[in-house]
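A.B. asks: after the sequence you'll find the predicted model.
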Amino acid sequence: MNNMTRISALIILILVTIAAVRAEDGSRLWLRYDRIDDPVLLTACQKNLTGWFIEGDSPVLRAAAGELERGLSGLLGRAIPEARSARRHGTVVAGTPASGKVIASLGLEQKLAGLGEEGYLIVSTLYRGKRITAIAASHDHGVLYGVFHFLRLLQTGQEITGLEIKSRPRIGVRLLNHWDNLDRTVERGYAGRSLWDWEELPDRLDPRYIEYARANASIGINGTVLTNVNANSQVLTDGYLRKVAALADLFRPYGIRVYLTARFSAPVEIGGLVTADPLAPAVIAWWQAKAEEIYRLIPDFGGFLVKANSEGQPGPQNYGRSHADGANLLADALAPHSGIVMWRAFVYDNNVPDDRAKQAWNEFVPLDGRFRENALIQVKNGPIDFQPREPFHPLFGAMPRTAMMPEFQITQEYLGASVHLVYLAPLYEECLRSDTHAAGEGSTVARVVDGSLGGHTLTAMAGVSNIGDVRNWTGHPFGQANWYAFGRLAWDPGLSSATIAGEWVRMTFTRDEEAAHTISGMMMASREIAVNYMTPLGLHHIMYYGHHYGPGPWVDSGRADWTSVYYHRADSAGIGFERTPAGSNALEQYRPPLRELYGRVESCPEELLLWFHHLPWEHRMKSGRILWEELCYRYDAGVRSVGRLRSEWASLQEHIDAERFSEVSTLLAKQERDARIWRDACTLYFQTFSGKPFPADFDPPQHDLQWYKAHTYEDIPGIE
Ligand code: GCW
């Protein structure tokens, strides 16, 4: 090697190193495909995987091929281009029985029959005497999902021989809901601006659109609602629809359909009509024509999501009509094109004197059976609003003749925005596993949602996106885990949050067993920790007015059901919202075994105690402490636990790249600082009612209550 060559080799090495380090900015999500770092595993994989090829050709199969090439080459550490045949041991063959002769020869048709369009098989088998791995499905979409599953096995260090994997989604429509506005602001978004660059669309197509589609396809998400539920009817005009069509074209090969939010007053705002009355013939005709126009541009358009007569949005009630009238108007317009309507049940009205937690049930239950077959009711996981903890929404299981879908929030509106490490899968899981008792024991929310309880074939699940245009997509590196977990649970609501955490950690941070175990442990503890320092024991909606990031238990002015005092009801006698028959009786919306369970103070889980009961400060808790002391204890434990998360993270330094290590360290420090603010502000405030001293071992708040009331947040993205 002469000097020049040496110098250029050195420069290349430096550049490669810089690129590798830079790449740890989180932008590759869980699809990093870095070379398997365990030498034994790597050798075994290299031996068992010698090539791949896809049988057949279609845009979806080409996407699958691209992924296999990228994934295998990356993970095995050498270029693995597509092979021409399966003549060697160790070839991965992917396709459908209709698309090629290898898959067709394996006799898998019967096994595939029950797996639908999106299900797949991954089997280790013999083809003409050669060991191959077949990724087979009845349709191309299944092949794509199977490819991602196979790559996940490699990414997470699992066996890739002796495979006999069968998978199909339990939920049909698995959707992200973007609360993205046309000016690229994102409601409750903490990760920069909207990905959708409406000004540049449809001509310039940001390469990130494809990255977005790949990431979603890899976890089984098959639809995206591009726009905010607080809708702008402009998106339904010709110019915007062409932009939407450009996105739809890009997403299609990844099995992702686009959906839009429909503003109920659109016929007036952009259609020049004088009314949006759902029963008016001109309005019916307008929506029909609009649907035709959309489907001409986007033949596989998914449908509409609607927020109506909620928080100031227009709706059928403006014309004296019901939610069913409104939903059916749109459902009828979409039905000829196989589109669906998702009609939100997030309705409550300040002028209705009843407990806000009861209002959705009150309005929707009488409408059961009145919605069209292509309509679903989209229900938030709990009856209030994405709180750190709520009981499941009583509408689940209460409308057996209607298709019901849950809406989870992936973005952390009430859970620390993009600054707190809070893994949300345990929250989703808690809701999905809740037993509604709608048709006896075992009638879980998951069974309502997957249609098995009510015999529904139209099934769906939505997650409000936490994605923006920041480099790592979600702001907090661990925010990616919530996106990932949502997709995995929408595919299979029976998965455990711990399993999902384990997968994600191995795909993103490390395959070192001990380190991965520590990180998963941090994630699994994180939600309960946040509940403790924000809203322990069933408290809810005591966040600061407007931004919902920090504490604001004192908020008492403005619309009553947007104040904190409405929810915690603290007074000198005690604290909590009485929802038994002695109070609002929200309890009656649950089935008898739950009425009994939650209704009696002795059996009500302490996690939900103050959700259902107003109890004296002296109430004796299971720990032996009185309620006041328990409250202080929980707030304090929450903050201490963040301290523990920090030291656990610190212990991982050698396993994590410098960039993400320091980013997470910084965020955890902020989280601890703000958890302490939560603890101090809430305990000081509630002390004004309990009139009791802080427990002896409780480190007193650092400032007085005035200080906390005046506190503002200057370094929290998306929070003013
Ligand atoms: O959680 C609340 C949010 C609003 C949101 C609303 C809803 C899109 O504070 O920002 O509006 O719920 O879900 O419609």
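C.D. replies: Good, I have the coordinates.
A.B. asks: test my guess that residue 355 contacts residue 580.
C.D. replies: No. Applying CB atoms under 8 Å as the test, residue 355 and residue 580 come out as separate, 11.5 Å apart. For glycine as for every other residue, the C-beta is placed from the backbone atoms N, C-alpha and C.
A.B. asks: how about the helices in the stretch 351-500 of the chain?
C.D. replies: Ranges of helices in the stretch 351-500 of the chain, per DSSP state H, counting those that start in this stretch, are 356-364, 425-433, 445-449, 479-491, 497-508.
A.B. asks: which one of the ones you listed lies nearest to the ligand?
C.D. replies: Between the ligand and the helices of the stretch 351-500 of the chain, the shortest gap by CB to the nearest ligand atom is with helix 356-364, which sits at 11.7 Å.
A.B. asks: buried ones in that closest one, by neighbour count?
C.D. replies: Residues of helix 356-364 classed as buried: 356, 357, 358, 359, 360, 361, 363, 364 (neighbour count, 16 or more other CB atoms under 10 Å).
A.B. asks: can I get these in CSV with pLDDT?
C.D. replies: Listed next are these as CSV, based on pLDDT from 0 to 100:
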residue, pLDDT
356, 97
357, 97
358, 97
359, 97
360, 98
361, 98
363, 97
364, 98
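A.B. asks: from those, pick the one nearest residue 618.
C.D. replies: residue 357 (26.4 Å; CB to CB).
A.B. asks: next one: the closest one from residue 636, what distance?
C.D. replies: Distance of residue 357 to residue 636, given as CB to CB, to the nearest Å: 28 Å.
A.B. asks: again with residue 273
C.D. replies: 59 Å.
A.B. asks: try residue 103
C.D. replies: 60 Å.
A.B. asks: who has more neighbours out of those two?
C.D. replies: Ranked by neighbour count (other CB atoms under 10 Å), residue 103 and residue 636 place residue 103 first, with 28 against 21.
A.B. asks: which SS class is the more buried one?
C.D. replies: Put simply, residue 103 is helix when judged by DSSP: H, G, I helix; E, B strand; the rest coil.
A.B. asks: who's in contact with it?
C.D. replies: Residues in contact with residue 103 (CB atoms under 8 Å, 6 or more residues apart in numbering) are 55, 93, 94, 95, 96, 97, 134, 136.
A.B. asks: which residues touch the one residue in the stretch 251-400 of the chain that gets nearest to the ligand?
C.D. replies: Relative to the ligand, the nearest point of the stretch 251-400 of the chain is residue 385 (4.6 Å; CB to the nearest ligand atom). By CB under 8 Å, 6+ apart, the contact set of residue 385 is 346, 414, 541.
A.B. asks: dump those residues into a markdown table; add distance to residue 595, pLDDT and neighbour count as well.
C.D. replies: Listed next are the contacts of residue 385 as a markdown table, based on distance: CB to CB, whole Å; pLDDT from 0 to 100; neighbours: other CB atoms under 10 Å:
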| residue | distance to residue 595 | pLDDT | neighbour count |
| --- | --- | --- | --- |
| 346 | 24 | 98 | 21 |
| 414 | 27 | 98 | 23 |
| 541 | 23 | 98 | 24 |
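A.B. asks: let me have the helices of the stretch 351-500 of the chain in a markdown table, extended by distance to residue 467.
C.D. replies: Putting the helices of the stretch 351-500 of the chain into a markdown table (distance: least, CB to CB, whole Å) gives the following:
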| stretch | distance to residue 467 |
| --- | --- |
| helix 356-364 | 27 |
| helix 425-433 | 17 |
| helix 445-449 | 23 |
| helix 479-491 | 7 |
| helix 497-508 | 16 |
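A.B. asks: identify whichever of these lies nearest to residue 574.
C.D. replies: Between the helices of the stretch 351-500 of the chain, helix 356-364 lies closest to residue 574; by CB to CB that is 19.1 Å.
A.B. asks: for that closest one, give me every contacting residue.
C.D. replies: 323, 345-349, 352, 354, 377, 379, 383-384, 393-395, 398-399, 561, 566, 579, 584, 586, 589.
A.B. asks: 6 Å instead?
C.D. replies: Under the criterion CB atoms under 6 Å, 6 or more residues apart in numbering, residues 345, 347, 348, 352, 383, 384, 394, 395, 561, 586, 589 lie in contact with helix 356-364.
A.B. asks: export that helix to PDB, keeping only CA atoms.
C.D. replies: Output of helix 356-364 as PDB, limited to C-alpha atoms (Å, rounded to 0.1, in the frame of the first residue of the first chain):
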ATOM      1  CA  ARG A 356     -68.400  14.000  31.900                       C
ATOM      2  CA  ALA A 357     -67.300  10.400  32.300                       C
ATOM      3  CA  LYS A 358     -70.900   9.300  31.600                       C
ATOM      4  CA  GLN A 359     -71.900  11.400  28.600                       C
ATOM      5  CA  ALA A 360     -70.500   9.300  25.700                       C
ATOM      6  CA  TRP A 361     -72.300   6.200  27.000                       C
ATOM      7  CA  ASN A 362     -75.500   8.200  27.500                       C
ATOM      8  CA  GLU A 363     -75.500   9.500  24.000                       C
ATOM      9  CA  PHE A 364     -74.400   6.400  22.100                       C
END
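A.B. asks: so it, near the ligand or not?
C.D. replies: No. Helix 356-364 does not reach the ligand (CB under 6 Å from any ligand atom); its nearest approach is 11.7 Å.
A.B. asks: and if you look at stretch 448-463?
C.D. replies: No. Stretch 448-463 stays clear of the ligand (CB under 6 Å from any ligand atom), getting no nearer than 10.9 Å.
A.B. asks: what does the stretch 201-350 of the chain put close to the ligand?
C.D. replies: 229, 230, 307, 311, 346.
A.B. asks: pull out the buried members of those residues.
C.D. replies: If you count burial by 16+ other CB under 10 Å, the buried members of those come out as 229, 307, 346.
A.B. asks: tell me the pLDDT of the closest residue to residue 350 other than its chain neighbours.
C.D. replies: Nearest in space to residue 350, with sequence neighbours left out and distances taken as CB to CB, 6 or more residues apart in numbering, is residue 559 at 5.0 Å. Per-residue pLDDT puts residue 559 at 92.
A.B. asks: do you know how far residue 559 is from the ligand?
C.D. replies: Distance check for residue 559 against the ligand: by CB to the nearest ligand atom, to the nearest Å, it reads 12 Å.
A.B. asks: which SS state does residue 74 fall under?
C.D. replies: Under three-state DSSP, residue 74 comes out as helix.
A.B. asks: shouldn't it be in contact with residue 31?
C.D. replies: No. Taking contacts as CB atoms under 6 Å, residue 74 lies outside contact range of residue 31: 9.2 Å.
A.B. asks: related to what we said a few turns ago, just the contacts of residue 103 now: which is nearest residue 211?
C.D. replies: Once CB to CB is applied, the member of the contacts of residue 103 that ends up nearest residue 211 is residue 94, at 21.6 Å.
A.B. asks: quick one: the strands in the stretch 451-600 of the chain, in order.
C.D. replies: 460-464, 574-575 (DSSP state E, counting those that start in this stretch).
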